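Enquirer: Please work out how this folds:
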Amino acid sequence: ISQTIPNCSGSVRSVLMSAALLVLALCSATSARACEDWLAKTVAASGAAEHKSATADWQPLQIEQTICPGDSVRIGANSRAALHLRNNTFMRLDENSVVNFPAPKAATGFWSDLSQGVAHYISRIVNHFEVSTPYVNAVVEGTEFVVSATPAQASVAVLEGKVKTWNDAGTESVTSGQQVQASSCNGALTRINVASASTVEWAIHYPPVLTLQNLHAQDATEQNRLSELTPFLQQNRPDLALQALDQNPQQSPALATARAALLLTVGRVDDFDAQIAALLQGPQAGTAHALKAVADAARNRPEQALASAHKAVELEPQQAAGYLALSWAQQSALQLDNALTSAKTAAKLEPQNTLAWLRVSELHLMQGDTGAAQKALSHVKQNSADSAALQAQVLSARGFVNLFRLHIKTARKNFEDALQQDSADPQH
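Expert: Sure, this is the predicted structure:
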């Protein structure tokens, strides 16, 4: 598709996230360089993410994969990736995206070419940084912004800061809360106001509150279909799990709930919202409300999140998922003590629930209690049936505890193992 498009000319978790960025820097320092003038390196990838170089055709994108001048990256359906660019910019790529990395035009500049898809950039650079699309181009002046390219049009939306955009028809400066779009190389640049948060909902990490094992199958056939999804998740391929579910449109409430959870995992929030609405009544209503609460909490909708989470607990008071969702909702409302209490209740209800103990550990760590965080992790038992993401979460949690205890070498090993286990979440 990209070849047929003409080219135009010329918050509360801040402590943990800061620690994650520190560890990423630690891991990056020892990564092998395939070229001296490297342009980007893979931080996270989930699903069908591929890389092509001048000497090799498309291959699966690997963690810490070095991107050199002339290389390309493409992302498949229901997949995502995150790259750290050499100019100290983080770029997240949405599904069905293709980005090319041409050789720099100047020693102090950086250029990338998004031929299709959506990319979210967080940049605090001062040197020249240019992003091109088929119909509109942008020069970055230190900002957070989203670039989108389709066969019909291209756009640049600014969440924070300022971006200068141009094409053959003219130039427009775009600031926070604004978007510029064009439908051809010489088409007028149209500027509109946009809701900044909605433009990056696909890039948000939505924390899990349940596993496939928590869904209650009605019969053996339904259980077999759920079990068939496990190998895909163990391989960090939620896109293939969704594909397997979609091959049979006749879905029971449990299978539909599994699909909703997977949609949230891969950031397909519009599809998730449509699917979850039909599940808020019926046998999986409690689980559905828990998933909705997490989605609302991650999208900074604390009141809606609390309402859905309390409904989940009301409908299924003996299941951990509702209390885990309530914990996330309470955190979004800055009720950290209540969030810890809810997480502890989840762990008490289901002592073998890994997600519950991870949540308890994380909240203790937020409060600076590394001893209690470590004690919570001691309850976690390894299970070969766990998804790659869940196994990586355990390793990551241990890494954070060791990092806060200044056991740097051990923390680094934990995080490196987490990245190898599952690269979907850049917080690992």
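Enquirer: drop to CA atoms for contacts and neighbour counts, all remaining ones
Expert: Noted.
Enquirer: Tell me which strands the longest strand along the chain pairs with, and in which orientation.
Expert: If you go by DSSP state E, the chain has its longest strand at strand 110-123. Strand pairing for strand 110-123, determined by DSSP bridges: strand 89-93 (antiparallel), strand 97-101 (antiparallel), strand 129-132 (parallel), strand 143-149 (antiparallel).
Enquirer: doesn't Phe110 make contact with Pro104?
Expert: Yes. Using C-alpha atoms under 8 Å, Pro104 is in contact with Phe110, at 5.7 Å.
Enquirer: between those two, which one's more packed in?
Expert: Set side by side, Pro104 and Phe110 show more neighbours around Phe110, with 21 against 17, by other C-alpha atoms under 10 Å.
Enquirer: In terms of pLDDT, where does the more buried one sit?
Expert: pLDDT for Phe110: 77.
Enquirer: and the residue nearest the centre of the chain, which of the three is it?
Expert: For the chain, the residue sitting closest to the mean C-alpha position, by C-alpha atoms, centre = their mean, is His205 at 4.2 Å. The three-state label given to His205 by DSSP: H, G, I helix; E, B strand; the rest coil is coil.
Enquirer: so where do the strands sit in the stretch 1-150 of the chain?
Expert: Using DSSP state E, counting those that start in this stretch, the strands of the stretch 1-150 of the chain run over 40-46, 49-52, 59-60, 66-67, 71-75, 80-85, 89-93, 97-101, 110-123, 129-132, 137-140, 143-149.
Enquirer: who wins for proximity to Ala241 among those strands?
Expert: The closest of the strands of the stretch 1-150 of the chain to Ala241 is strand 40-46. By C-alpha to C-alpha, the value is 12.1 Å.
Enquirer: angle of the closest one against strand 97-101?
Expert: Angle, strand 40-46 to strand 97-101, by axes from the mean of the first three to the mean of the last three C-alpha atoms, to 10 degrees: 170 degrees.
Enquirer: Just the C-alpha atoms of strand 40-46, please, in CSV.
Expert: Only the C-alpha atoms of strand 40-46 are listed here, as CSV (Å, rounded to 0.1, in the frame of the first residue of the first chain):
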residue,chain,number,x,y,z
ALA,A,40,16.5,3.3,16.6
LYS,A,41,16.3,0.4,18.9
THR,A,42,13.3,-1.8,19.8
VAL,A,43,12.0,-1.3,23.3
ALA,A,44,8.8,-3.3,23.1
ALA,A,45,6.9,-5.4,20.5
SER,A,46,3.6,-7.4,20.6
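Enquirer: what about it, average pLDDT?
Expert: Across strand 40-46, the average pLDDT comes to 89.
Enquirer: can you map out the helices along this protein?
Expert: Along the chain, counting by DSSP state H, helices occupy 14-28, 220-227, 230-234, 238-246, 253-265, 269-277, 285-298, 302-315, 320-332, 336-349, 354-366, 370-377, 388-404, 408-421.
Enquirer: Tell me what angle the second one forms with helix 238-246.
Expert: Put plainly, it is helix 220-227. Going by the same axes, to 10 degrees, helix 220-227 makes 160 degrees with helix 238-246.
Enquirer: Could you list the buried residues of helix 220-227?
Expert: Of the residues in helix 220-227, Glu222, Gln223, Leu226 count as buried by neighbour count, 16 or more other C-alpha atoms under 10 Å.
Enquirer: That one: how far from the chain's middle?
Expert: 28 Å (C-alpha atoms, centre = their mean, to the nearest Å).
Enquirer: The fourth one now?
Expert: For helix 238-246, the gap between its own C-alpha mean and the chain's C-alpha mean amounts to 18 Å (C-alpha atoms, centre = their mean).
Enquirer: and that helix, what does it pack onto?
Expert: If you count contacts as 3 or more C-alpha pairs under 8 Å, 6 or more residues apart in numbering; DSSP states H and E, helix 238-246 packs onto helix 230-234, helix 253-265.
Enquirer: contact partners of the longest one?
Expert: In this case it means helix 253-265. If you take C-alpha atoms under 8 Å, 6 or more residues apart in numbering as the criterion, helix 253-265 is touched by 78, 205-208, 212, 215-218, 222, 225-226, 238, 241-242, 245, 269, 271-272, 275-276, 279, 282-284, 287-288, 291, 295.
Enquirer: same deal with stretch 203-220?
Expert: By C-alpha under 8 Å, 6+ apart, stretch 203-220 touches 92, 94, 120, 223, 226-227, 230, 254, 258, 264-265, 267, 290-291, 294-295, 298-299, 321-322, 324-325, 355, 425.
Enquirer: now those residues: which count as buried?
Expert: 92, 94, 120, 223, 226, 230, 254, 258, 264-265, 267, 290-291, 294-295, 298-299, 321-322, 324-325, 355, 425.
Enquirer: Tell me which residues touch Val394, please.
Expert: Per C-alpha under 8 Å, 6+ apart, neighbours of Val394: Leu358, Leu377, Val380.
Enquirer: no wait, Leu229
Expert: For Leu229, the contact set (C-alpha under 8 Å, 6+ apart) comprises Ala241, Ala244.
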